[in-house]
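Q: heads up, no residue letters with this:
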């Protein structure tokens with residue numbers, strides 16, 4: 001037995017050294033080959049499912065599907081409560097948020113932070129379109145806010161991925177799917193933002209096309225139609241007044257409440273206090289619904305159902321883009337689509353390569369919201385800013401999908417991020433806080449200082465910018481040239497080992513980060529001692 005294991009490990013290592021990174025090097029444990037406990041669990045569930053009668057499969061499938069839909073329903077309500085809660089917390093301060101958008105970097109940062117906080121890119125883009133239509137904001141300012149909104153909206157599906165954190169294998173796959181959404185939008189902004197600052201291609205193209213505007217009615221989301229009645233029992237927020245206040249069309253007075261219905265309508269509290277309570281309720285709904293949704297979906301997508309979905313989505317990537325666009329347009333919410341794709345990816349129903357076109361299709365589909373809002377504003381500028389949103393996503397697809405090698409710009413970092421998150425979930429939390437709040441906040445602060453009318457503040461701003469650039473250069477030099485990258489992977493490996501020993505007693509392995517160029521499954525000396 002030991003001889004066979006040694007031979008197997010030797011052959012596997014040699015194939016890895018020859019550059020076949022699709023092979024995994026295995027080291028034999030004194031007890032068994034290293035297999036992940038999560039994969040064994042999935043295999044056991046699949047085997048138990050296959051032994052069930054057809055009638056029981058149908059009944060259980062329908063039962064768990066209904067529960068999954070209910071969990072998704074309460075997940076959406078939770079997200080709505082979070083958005084409504086932050087809307088009430090902002091209340092009269094909504095307009096002041098957009099007072100710093102004269103600088104492109106500041107506008108981009110505001111779009112990112114605001115969308116990440118209220119969990120709704122549709123709200124931010126709709127407010128932006130209304131503000132541009134009312135003349136409260138230039139089209140150029142609005143274009144940068146919309147770019148930032150595309151980044152900020154990714155925080156929701158990353159939060160959804162944490163619903164599967166109890167199973168590191170599923171969490172790894174789910175976080176990879178969430179990261180695809182985020183990284184795709186980030187790299188699109190990295191390319192399109194400087195081009196827009198220098199040459200304004202999106203603005204010029206959109207202004208050229210804005211003359212076909214018509215006065216059609218707005219489209220009502222079927223999701224809102226289903227969710228709003230129950231949500232309104234708790235709180236109903238006057239979104240129209242909020243949008244007009246944020247757009248600068250209406251003055252907001254502290255004695256005017258945005259609460260126009262629900263249990264808090266006649267409460268003796270101000271909007272900020274009500275918003276804090278609603279926000280807490282939303283977070284509670286979100287946590288419970290995430291855990292329930294993950295569990296129910298794992299019961300629905302088994303056996304032939306799982307294989308059928310995989311086969312359909314594996315047919316053609318461009319068809320998946322169309323599918324993602326059509327579904328998002330139909331439900332009027334990219335959040336619903338991406339929040340559902342994330343746990344499905346965690347369950348192994350869809351692969352990262354299948355998630356990618358669906359996500360970019362959902363990004364394209366969500367532009368319909370701003371377009372429909374713009375068509376009833378009677379403003380060519382409003383239509384043009386909505387078209388900026390559309391063309392930004394079209395160019396992103398053209399840049400990072402048709403040529404297979406360009407897809408790796410998105411997929412490879414997403415896989416690395418997923419691996420790091422599986423080894424150390426705190427890394428994902430740090431990433432979310434840094435990329436959606438801290439870094440945009442720093443950019444916003446620096447941009448505000450550098451464009452201030454106060455000379456001393458301007459000098460401090462440019463000194464701070466120089467310090468940030470130098471600090472970033474030193475960090476990258478340390479990371480790539482002085483062992484920083486290897487130390488990071490060693491930290492991840494240590495976190496992985498600690499988790500493995502706590503949960504499994506050291507007998508089952510997870511992806512190793514000792515070699516940062518390949519994913520090698522192996523047991524450390526510490527494991528073998530256990």
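A: Alright, I've got the coordinates. From a predicted model like this one, the values you see are computed outputs, not experimental measurements.

Q: name the surrounding residues that touch the strand or helix carrying residue 433.
A: Assigned by DSSP states H and E, residue 433 belongs to helix 425-433. Residues from elsewhere that reach helix 425-433, judged by C-beta atoms under 8 Å, 6 or more residues apart in numbering: 155, 158, 159, 161, 162, 165, 171, 175, 417, 420, 421, 492. Where you see a C-beta, it was placed from the backbone N, CA and C, and this is true even at glycine.

Q: ok, the closest residue to the fifth one other than its chain neighbours - contacts?
A: By the measure of C-beta to C-beta, 6 or more residues apart in numbering, the closest residue to residue 162 outside its immediate chain neighbours is residue 290, 7.0 Å from it. Contacts were defined as C-beta under 8 Å, 6+ apart; by that measure residue 290 touches 75, 159, 160, 162, 163.

Q: low-confidence ranges, this structure, go.
A: For the chain, residues meeting the criterion pLDDT under 70 lie at 1-51, 91-101, 133-136, 211-223, 243, 245-255, 303-304, 369-370, 372-379, 503-530.

Q: domain map for it?
A: The chain is divided into the following domains under automatic domain parsing: 68-451, 452-482.

Q: can you get me a residue count around residue 230?
A: Residues within reach of residue 230, counting by other C-beta atoms under 10 Å, total 12.

Q: list the contacts for it?
A: Counting by C-beta under 8 Å, 6+ apart, the residues that residue 230 touches are residue 77.

Q: element containing it?
A: helix 222-234.

Q: list the buried residues in the helix or strand hosting residue 409.
A: Using DSSP H and E, residue 409 sits within helix 404-423. Under the neighbour-count criterion of 16 or more other C-beta atoms under 10 Å, helix 404-423 has 407, 409-411, 413-423 buried.

Q: and that helix, what does it pack against?
A: If you count contacts as 3 or more C-beta pairs under 8 Å, 6 or more residues apart in numbering; DSSP states H and E, helix 404-423 packs onto helix 168-199, helix 352-365, helix 380-400, helix 425-433, helix 484-504.

Q: change it to 10 Å
A: Judged by 3 or more C-beta pairs under 10 Å, 6 or more residues apart in numbering; DSSP states H and E, helix 404-423 is in contact with helix 155-161, helix 168-199, helix 352-365, helix 380-400, helix 425-433, helix 484-504.

Q: now for the shortest one, which elements pack on it?
A: Helix 155-161 sits against helix 54-90, helix 104-118, helix 168-199, helix 271-300, helix 334-346, helix 404-423, helix 425-433, with contacts defined as 3+ C-beta pairs under 10 Å, 6+ apart.

Q: could you identify the helix or strand that succeeds the host helix or strand of residue 443?
A: According to DSSP H and E, residue 443 maps onto helix 439-450. Next helix or strand after helix 439-450 toward the C-terminus (DSSP H and E): helix 455-481.

Q: report the buried residues of that next one.
A: For helix 455-481, using 16+ other C-beta under 10 Å, the buried residues are residue 461.

Q: run the angle between it and helix 484-504 for me.
A: 70 degrees (axes from the mean of the first three to the mean of the last three C-alpha atoms, to 10 degrees).

Q: gap between residue 435 and residue 497?
A: 27 Å (C-beta to C-beta, to the nearest Å).

Q: specify the local secondary structure of residue 137.
A: coil (DSSP: H, G, I helix; E, B strand; the rest coil).

Q: for it, which non-adjacent residue is spatially closest?
A: Using C-beta to C-beta, 6+ apart, the nearest residue to residue 137 is residue 131, at 4.1 Å.
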